[in-house]
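**Q** Okay, sequence plus prediction incoming.
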Amino acid sequence: MTAQPDTEAQATPDKPELTRRRLLGTAGAAGAAGLALGAAGATGVYAAVAGPDSGSSPALSTVGSTEVVFHGKHQAGITTPLQSRGHLIAFDLAPGAGRKEAAALLRRWSATAAELMAGRAPAADTGVALDAGPSSLTVTFGFGPTFFDRTGLTARRPVELDPLPPFSSDALDPKRSEGDLWVQIGADDALVAFHALRALQKDAGSAARVRWQMNGFNRSPGATAGPMTARNLMGQVDGTNNPKPSEPDFDRRIFVPAGGAQPWMAGGSYAVVRRIRMLLDDWEQLPLKKQEQVIGRRKADGAPLTGGTETTDLDLDKFGPDGKLVIPDNAHARISAPEQNGGAAMLRRPFSFHDGIAADGTPDAGLLFICWQADPLRGFVPVQRKLDRGDALSPFIRHESSGLFAVPGGPDRGEYVGQRLLES
Ligand SMILES: C=CC1=C(C)c2cc3[nH]c(cc4nc(cc5[nH]c(cc1n2)c(C)c5CCC(=O)O)C(CCC(=O)O)=C4C)c(C)c3C=C
Ligand SMILES: [Fe+2]
């Protein structure tokens, strides 16, 4: 089965001038995604952007006018090219709030998300993003393990939400981990992302309270002339060997099939979210050659140390003239490769973060690691188990928080996210 785009870009009849189809896998934002989405997501190039819809608004550029549609088989924000801004927010249902309040909240949130993603302002708007256009805004909703007991839906909790095993390198802060509900916001404009964050926080009203919030970023769309995989704050090209929607087993690996134990999860996916601090002062002292051996790839272009270009396969059996493996035994790319983990694969779609300087004077910076899979036990868990036992990257990172969320399939028109769980 061929992969489908998570959402279809489409013209909105009332504001056709603000809408253009997005060719996934093209330059700019798509390059920053590090996701080669070409074949599956390509929908063609667009109608020209017409002028502003009010006398005072400036015309929109491609970045501002690009719209990702809310409704579809899968929620937006999974295979969508990486955006330059991201907010991750976890909420807990308020004391006394149950299934009814949760359903009403998801209905409100879905309506707001659909409007904002289309570039329309909700009622009583703050005006923060009035002239910015949709800017590839996506809003993605998920349910944490605790959601199901709180709403009397214990029997509907997927086994895939069983707690992740502890890992020896974990240094997790419970206050910044888990949560009943999870919202991922991405946009190619910082004001659009903030605007969505505020609107959704206000929608929560008395039904849910923010448990934690994390803010992230990626390279700006269009910064490089051609498509380019993202770089992380260690300077590595990161995302090269992600599963591609054009691959025949992509859907099976990333999305929950229909006909499973929890029918409401059909078309959905499981998100593992980890705040991974990078110990940048230590990393930056490591000579370039050693840095490259930690990953097994060249820093400049992401090519394997065994040669070729970024997209050349790693040659894991190649020895150098010194009789040593060219890609060391403990290199991150070797240990995490699907062929070393019984085929385990996940779609990594992270944001970088920088929250200033920590009390010890080191940068509080790193990766908001988000990975998507049909089953965490066939994605994140086996790979992290292996990394935990001897990844050369481990001395330079610290897993500080963790969350696991069931992200239902995308809503049909007239439906809200999670309705199949909350109303059946
Ligand atoms: C458990 C899953 C993973 C965690 C946690 C993780 C953290 C992490 N990774 C990098 C940098 C890179 N990772 C790369 C490849 C890669 N990483 C994982 C999994 C986890 N990474 C996988 C499955 C892969 C692909 C392996 C393969 O198939 O070859 C790379 C190489 C380029 C690429 O393919 O993306 C880099 C660089 C950091 C900095 C980090 C924590 C902060
Ligand atoms: Fe990695």
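**A** On my side now, so go ahead. Ligands and ions are numbered 1, 2, ... in the order given.

**Q** contacts, neighbours, all on C-alpha from now
**A** Fine.

**Q** Quick check: residues of the stretch 101-250 of the chain near ligand 1?
**A** For the stretch 101-250 of the chain, the contact set with ligand 1 under Cα under 6 Å from any ligand atom comprises 236-241.

**Q** which two in those are spaced the farthest apart?
**A** Farthest-apart pair in those is 236 and 241; separation 13.0 Å (Cα to Cα).

**Q** Narrow the residues of the stretch 101-250 of the chain next to ligand 1 to just the buried residues.
**A** 236-241 (16 or more other Cα atoms under 10 Å).

**Q** before we move on, back to that, kindly indicate which of the residues of the stretch 101-250 of the chain next to ligand 1 lies nearest residue 417.
**A** Of these, the one sitting nearest to residue 417 (Cα to Cα) turns out to be residue 239, at 28.2 Å.

**Q** May I ask you to confirm that that closest one is in contact with residue 333?
**A** No: here residue 239 lies out of contact with residue 333, judged by Cα atoms under 8 Å, at a distance of 10.8 Å.

**Q** show me what contacts the residue nearest to residue 340 when sequence neighbours are not counted?
**A** Spatial nearest neighbour of residue 340, excluding adjacent residues (Cα to Cα, 6 or more residues apart in numbering): residue 334 at 7.3 Å. Applying Cα atoms under 8 Å, 6 or more residues apart in numbering to residue 334 gives the contacts 295-296, 316, 327-328, 340.

**Q** Please list only the buried members of those.
**A** Applying 16+ other Cα under 10 Å to these flags 295-296, 316, 327-328 as buried.

**Q** Now the residue of the stretch 101-250 of the chain found nearest ligand 1: phi and psi?
**A** As assessed by Cα to the nearest ligand atom, ligand 1 sits closest to residue 239 within the stretch 101-250 of the chain, at 3.2 Å. Phi and psi for residue 239, reported as degrees, to the nearest 10, are phi 130, psi 0.

**Q** Give me the pLDDT for it.
**A** Here the pLDDT value assigned to residue 239 is 98.

**Q** One more: residue 13?
**A** 30.

**Q** Please apply the same query to residue 123.
**A** pLDDT, residue 123: 77.

**Q** State the distance from it to residue 107.
**A** 15 Å (Cα to Cα, to the nearest Å).

**Q** in this structure, which helix or strand is least confident?
**A** Lowest by mean pLDDT, DSSP states H and E among the helices and strands of the chain is helix 38-41, with a mean of 26.

**Q** picking up where we left off before, out of the buried ones among the residues of the stretch 101-250 of the chain next to ligand 1, who's nearest residue 359?
**A** residue 236 (26.4 Å).

**Q** so the closest one sits right up against residue 296, yeah?
**A** No: in this structure residue 236 lies outside contact range of residue 296 using Cα under 8 Å: 10.8 Å.

**Q** end to end, how far does stretch 150-158 reach?
**A** 15 Å.

**Q** Just the buried residues of that stretch, please?
**A** 150-151, 156-158.

**Q** Columns secondary structure and distance to residue 195 on top of those, output as a markdown table?
**A** Formatted as a markdown table, these follow (DSSP: H, G, I helix; E, B strand; the rest coil; distance: Cα to Cα, whole Å):
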| residue | secondary structure | distance to residue 195 |
| --- | --- | --- |
| 150 | helix | 29 |
| 151 | coil | 29 |
| 156 | helix | 33 |
| 157 | coil | 32 |
| 158 | coil | 32 |
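
**Q** thinking again about what came up before, among residue 123 and residue 107, which residue is more densely surrounded?
**A** Neighbour count, other Cα atoms under 10 Å: between residue 123 and residue 107, residue 107 has more, with 18 against 7.

**Q** check which helix or strand covers that one.
**A** Applying DSSP states H and E as the criterion places residue 107 in helix 99-117.

**Q** Please consider this matter closed, and thank you.
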